[in-house]
Structure formats: C-alpha cells, structure tokens
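K.L.:
Would you be able to build a 3D model of this:
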Amino acid sequence: MKNLWIVAAFAAAGLTACQKSDSTSPDSKGSDTVNTATANIIFKFKFDSTQVRLNNVGQPSTIPSDHGAQSPVMNSMSAHYIEITPNALTALGKGAILYKADETTAGGESAIDFDKAAKAGDGQVFYTAPIKNIPIGTYEWIRVSLAYQNATAYFHVDTTIGGFPVKQEVAGTIAGFIGYNTYIKNFKIKDSTLTVNANKKQGFWGSEAAITAYGYTFGRTITGQSAGTTTVVNPIFATSPIPAGSCVVTAAFAPGKLTITGKETKDIVVELSFSTKKSFEWQEVIKDGLWEPSKGENLVDMGIRGMIPTIK
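P.N.:
From the prediction side, this is the model:
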C-alpha cells in the first residue's frame with residue numbers, strides 16, 4: 001500500500017504547506033394522496049455506528065486481536081444494484097431488479113461507471129422507482145450492491161517536523177471503492193481531485209488530510225489498495241451465494257415482508273440502515289487502537305457491517 005502518510009508527506013512538501021434520484025415523482029418524501037399510477041418505492045440511506053457489527057455470513061463479529069478499527073462518519077455512499085427476492089432460495093439476478101447503475105468498458109473489462117454513479121448521504125433519498133413497474137408478489141429479502149463510500153476517519157500522527165515533535169489525532173477524508181470493478185476518470189476526495197483514467201478493483205481508496213503545527217499546515221492526498229478482503233454481509237450465503245469480489249449486501253425486510261399488490265395508492269419508503277460500527281479496519285503494528293499509517297498500519301477492510309431494510 002502507498003500509505004507512508006505523514007513522514008513522506010512532510011519530506012516531499014519540504015515543510016510547506018449527494019443526493020440523486022432517478023425519480024420523476026413530484027414528492028420524493030412520499031405522499032398520502034398519490035394515486036396508483038404515480039405511487040413510488042423510495043430507498044433512503046441511513047448510517048448507524050451503533051447497529052450490530054456482522055461478518056460475511058451475518059453473525060456478530062469481533063475485531064481480531066492484531067487489528068484496530070473505528071466507526072467512520074459516512075459522508076455519502078453509492079450503490080450499483082438493488083434487487084428484491086421472494087425467498088432465501090432465489091439466486092442472484094433471479095428476483096426483481098429495481099436498479100442497476102451504468103457500466104462501461106472504457107477501462108477494458110466491464111466496470112461501474114463512476115462518473116454516472118448516484119450518491120446519497122445520511123437520511124437522503126438514493127433511488128425512486130414507480131411501484132407499477134415491480135412484479136406483483138411478496139418479497140422477503142433485498143440485495144444492495146454497494147459501490148463507493150466517502151467517509152471521515154481519524155489517524156494518529158507521531159513524528160517530528162523540522163526537529164520538533166508532533167503528536168495529534170487528525171481527521172482525514174477517505175474515498176473508498178468497494179464495488180467489484182470501477183472505471184474512474186477522476187474523483188474528488190474532499191477538496192482535492194485525483195485523476196485515474198483506469199479500472200480499479202474492490203478495495204481501491206484515496207485519502208486527503210492535513211495537520212497544523214508550529215504555524216504551518218501540512219497535507220497530502222494519497223491512494224492505496226486494501227490489503228484485506230472487503231466484508232460483504234450475506235446471511236443466506238448457503239442457499240443464495242454471491243460472486244467473490246462483489247459487494248452485494250443482503251438482508252431481510254423489516255417489519256415483515258414487502259408485499260406488492262399492484263393497487264398501491266401510497267408511496268412505500270424503504271430505509272436502508274447500514275452498520276458502520278468499527279467498519280474501518282487496519283492491521284496494527286503498534287497495538288494502541290489508533291490508526292497510524294506512517295507506522296505501516298495498512299487498511300484491510302472498509303466494508304459495511306450489515307444492513308437493516310425497514311419498510312416505512
């Protein structure tokens with residue numbers, strides 16, 4: 001990984017210094033007065049650092065003794081695919097596919113087109129679709145393939161600058177690509193934009209951070225590739241597996257199942273609550289629970305740790 005964060009940054013610097021919806025609905029927040037022809041299903045994002053932290057098979061997960069982790073503050077996220085399925089035996093792609101983001105072969109292999117990716121923040125609408133386009137039936141499960149996340153995380157600085165010690169916690173912005181494959185022309189982290197013009201596999205990330213010490217501001221943007229495997233929660237892996245390298249998070253609707261009758265006169269709002277509890281994880285070199293990239297503490301996971309889809 002390319003994360004000799006602070007020491008390299010200072011040396012190089014010479015001590016110098018979303019909401020998007022495809023809806024045409026007149027009321028994306030839902031309405032009690034819409035008719036059957038215009039009733040929509042609306043998907044909203046929620047990020048919860050107190051929600052249970054799950055592993056790949058949907059069981060509560062602890063942090064390995066040689067790892068550190070923190071709960072990032074999620075700024076925005078993007079999904080590549082939304083599918084609802086009637087039961088746990090339904091194979092991937094055999095349910096009702098409600099949304100699929102644009103793809104491109106500009107980088108060689110087929111990949112998510114990041115330029116066209118919809119994003120949403122906490123409490124925001126990600127996608128809206130007419131209910132009349134959904135096949136009549138009862139659906140127990142939902143699959144959401146995640147593609148990108150932008151979050152604030154903290155790292156620890158313990159170094160010297162011009163012979164003076166600097167030790168502090170610094171907030172940095174992390175832009176992480178967790179989809180199976182993404183074509184990126186360029187992407188903005190916080191204030192800085194990086195040019196890529198290539199496909200990037202799951203686990204590619206960029207970061208931006210700055211510290212202020214002794215009257216100077218030092219900062220840098222860097223990129224890296226996660227040294228581990230992104231966690232993808234799928235409680236029905238035994239009967240409905242997902243391809244390796246994808247990020248198709250699976251969960252059961254609550255409360256109960258989603259029923260589509262074809263006679264809906266009100267919008268249906270589905271809140272997708274994602275667990276960010278200790279979802280940002282690294283390999284510790286110094287076992288102090290602090291992320292210290294300049295000490296070689298490589299990022300190993302930035303996957304969402306579970307999803308609760310609540311029908312409102």
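
K.L.:
remind me which residues of the stretch 1-150 of the chain are low pLDDT?
P.N.:
1-37 (pLDDT under 70).

K.L.:
Which residue ranges of it form helices?
P.N.:
For the stretch 1-150 of the chain, the helices defined by DSSP state H, counting those that start in this stretch occupy 5-13.

K.L.:
Can you mark which positions in the helix or strand containing residue 224 are buried?
P.N.:
Following DSSP states H and E, one finds residue 224 within strand 216-225. Within strand 216-225, the residues that qualify as buried by neighbour count (16 or more other C-beta atoms under 10 Å) are 218, 219, 220, 221, 222, 223, 224, 225. The way it works is simple: take the backbone N, C-alpha and C, and place the C-beta from them, glycine included.

K.L.:
repeat for stretch 156-166
P.N.:
So, applying 16+ other C-beta under 10 Å, buried residues of stretch 156-166: 156, 157, 159, 161, 166.

K.L.:
I'd like to check which residues are in contact with residue 58.
P.N.:
Taking C-beta atoms under 8 Å, 6 or more residues apart in numbering, we find residue 58 in contact with 233, 234, 235, 236, 237, 250, 306.

K.L.:
Which one of the buried residues of strand 216-225 is nearest to residue 79?
P.N.:
Using C-beta to C-beta, the shortest approach to residue 79 within those belongs to residue 225, at 21.7 Å.

K.L.:
list the contacts for the closest one?
P.N.:
1, 201, 203, 204, 205.

K.L.:
distance of it from residue 299?
P.N.:
To residue 299, residue 225 is 9 Å away according to C-beta to C-beta, to the nearest Å.

K.L.:
Around the nearest residue in space to residue 50 that is not next to it in sequence, how many other residues sit close by?
P.N.:
Counting by C-beta to C-beta, 6 or more residues apart in numbering, the nearest residue to residue 50 once its immediate chain neighbours are dropped is residue 277, at 6.6 Å. Number of residues near residue 277 (other C-beta atoms under 10 Å) recorded here: 19.

K.L.:
list the contacts for residue 143?
P.N.:
With C-beta under 8 Å, 6+ apart, residue 143 has these contacts: 81, 82, 83, 84, 85, 92, 95, 242, 248, 249, 250.

K.L.:
repeat that for 6 Å
P.N.:
Counting by C-beta atoms under 6 Å, 6 or more residues apart in numbering, residue 143 touches 83, 248, 250.

K.L.:
now, which of those residues lie within strands?
P.N.:
83, 248, 250 (DSSP state E).

K.L.:
Among those, which one lies nearest to residue 133?
P.N.:
Closest to residue 133, out of all of those and judged by C-beta to C-beta, is residue 83, at 13.6 Å.

K.L.:
where's that closest one relative to residue 146, distance?
P.N.:
For residue 83 relative to residue 146 (C-beta to C-beta), the value is 13 Å.

K.L.:
again with residue 82
P.N.:
Residue 82 is 11 Å from residue 146, by C-beta to C-beta.

K.L.:
how about the nearest residue to residue 152, chain neighbours excluded?
P.N.:
residue 73 (4.3 Å).

K.L.:
Turn the contacts of residue 143 into a markdown table, including neighbour count and distance to residue 213.
P.N.:
Output for the contacts of residue 143, formatted as a markdown table (neighbours: other C-beta atoms under 10 Å; distance: C-beta to C-beta, whole Å):
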| residue | neighbour count | distance to residue 213 |
| --- | --- | --- |
| 83 | 22 | 49 |
| 248 | 22 | 43 |
| 250 | 25 | 46 |
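
K.L.:
Return the closest of those with respect to residue 119.
P.N.:
Nearest member of those to residue 119, counting by C-beta to C-beta, is residue 248, at 18.3 Å.
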